[in-house]
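# Need the 3D shape of this:
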Amino acid sequence: MSTPPASTKPPAAMPDVQGSQDSRNVAIDKVGVKDIRYPIALYCPKSEGKQHTVAMVNMYVALPHYQKGTHMSRFLEVLNKHHQGIDSGDVMQVARDMKVRLEAEEAHLQMSFPYFIDKQAPVTGQPGKLDIEVTFEAVAGETDDFILGIKVPATSLCPCSKKISDYGAHNQRCEMEAQVRFAPGKMMWIEELFELVEQCASTQVFAVLKRPDEKHVTEAAYDNPKFVEDIVRDLALALDAEDRIVWFRVASENFESIHNHNAYAVVERDKR
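I've put the predicted structure just below:
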């Protein structure tokens, strides 16, 4: 039996439903894809190498009132162009590429990922890696906007408990958060912002502690008691003194050890 000749007709064009008109006259602020788990590589200034990690990525664009939908596959096409390695400079370019590829007036890119800081124990010098949460937020529109954020674990010790107790004082883990915008042409490494933030707690936390280190950390917290209000005020002063930063939002959540609730405080400042 002979094979029938292949059709020479060109394939029919598929309809672009997303690009069709919408009559409801409602613009959408953000539409896109979220919770994309994606590998990235970040430059580490101290080791002059790269740290590989996995980010949770959200990608959105603004949709005009007359357009029915956005083209979801294009977000991943843009992301795949930059998979070799992303740092704070690349993140802004990804947002710009999204804006162009999806023909949008505004594009939003959000990334959150674990990042590991090398820390030595304070007395014995035992090496360890402390994991912190880092966020990048980039907006490409009429003007560009970029925010670097970190969450840093630390220790706080209650000044009131120390004052009123015959012995001891209750302490707790706390999570300090800082989000910053930079002055034009300036930036900070993740490690630099981390060092500024962790100095504002009663004391630091470490991945590895031997007994001499544990004694040192316990006594350091006792000698430096801080309310949650003290922590955020010290954070605000530290970032206000940094001329590379033009806007910041700082917060601390203290996970109380003798209460069934947490203590929380936040300060936001625009220095411009």
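# Ile28: neighbour count?
16 (other Cβ atoms under 10 Å). Yep, even glycine has a C-beta here, placed from its N, CA and C like the rest.
# Skipping its backbone neighbours, what lies nearest it in space?
If the residues on either side of it in the chain are set aside, Ile28 comes closest to Leu63, at 4.1 Å by Cβ to Cβ, 6 or more residues apart in numbering.
# Please, which helix or strand holds Leu148?
strand 144-157 (DSSP states H and E).
# Helices of the stretch 151-272 of the chain, start to end?
159-164, 190-198, 211-223, 228-240 (DSSP state H, counting those that start in this stretch).
# could those helices go into TSV alongside distance to Tyr38, mean neighbour count and mean pLDDT?
Listed next are these as TSV, based on distance: least, Cβ to Cβ, whole Å; neighbours: other Cβ atoms under 10 Å; pLDDT from 0 to 100:
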stretch	distance to Tyr38	mean neighbour count	mean pLDDT
helix 159-164	44	12	94
helix 190-198	18	19	95
helix 211-223	36	15	95
helix 228-240	30	19	97
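# can you redo these as a markdown table with distance to Gly141?
A markdown table is the format used below for those (distance: least, Cβ to Cβ, whole Å):
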| stretch | distance to Gly141 |
| --- | --- |
| helix 159-164 | 45 |
| helix 190-198 | 25 |
| helix 211-223 | 45 |
| helix 228-240 | 25 |
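# For Gln93, find the nearest of the ones you listed.
helix 190-198 (18.4 Å; Cβ to Cβ).
# Dump the closest one to PDB, restricted to CA.
Extracted in PDB, the C-alpha atoms of helix 190-198 (Å, rounded to 0.1, in the frame of the first residue of the first chain):
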ATOM      1  CA  ILE A 190      24.200  40.400  51.700                       C
ATOM      2  CA  GLU A 191      27.000  39.800  54.100                       C
ATOM      3  CA  GLU A 192      27.400  43.500  54.800                       C
ATOM      4  CA  LEU A 193      23.700  44.000  55.600                       C
ATOM      5  CA  PHE A 194      23.800  40.800  57.800                       C
ATOM      6  CA  GLU A 195      26.700  42.100  59.900                       C
ATOM      7  CA  LEU A 196      24.900  45.400  60.500                       C
ATOM      8  CA  VAL A 197      21.700  43.700  61.600                       C
ATOM      9  CA  GLU A 198      23.000  41.000  63.800                       C
END
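# what packs against it?
Packing contacts for helix 190-198, counted by 3 or more Cβ pairs under 8 Å, 6 or more residues apart in numbering; DSSP states H and E, involve strand 107-120, strand 144-157, strand 171-182, helix 228-240.
# May I have the strands that pair with the first one, each with its orientation?
This means strand 107-120. Using DSSP bridges, the strands paired with strand 107-120 are strand 49-63 (antiparallel), strand 127-140 (antiparallel).
# Go through the helix or strand following the first one and flag the buried ones.
The helix or strand immediately downstream of strand 49-63 is helix 73-81, counting by DSSP H and E. By 16 or more other Cβ atoms under 10 Å, the buried positions in helix 73-81 come out as Arg74, Phe75, Val78, Leu79.
# Export those to JSON lines and append columns for pLDDT.
What follows is these, written out as JSON lines (pLDDT from 0 to 100):
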{"residue": "Arg74", "pLDDT": "93"}
{"residue": "Phe75", "pLDDT": "93"}
{"residue": "Val78", "pLDDT": "93"}
{"residue": "Leu79", "pLDDT": "90"}
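# re earlier: OK, contacts around the residue nearest to Ile28?
For Leu63, the contact set (Cβ atoms under 8 Å, 6 or more residues apart in numbering) comprises Ala27, Ile28, Val31, Gly69, Thr70, Ala104.
# cool, Val208 as well?
Ala121, Gln126, Pro127, Gly128.
# Confidence-wise, which helix or strand of the chain is lowest on average?
Between all helices and strands in the chain, the lowest mean by mean pLDDT, DSSP states H and E belongs to helix 88-101, at a mean of 88.
# Noted, bye for now.
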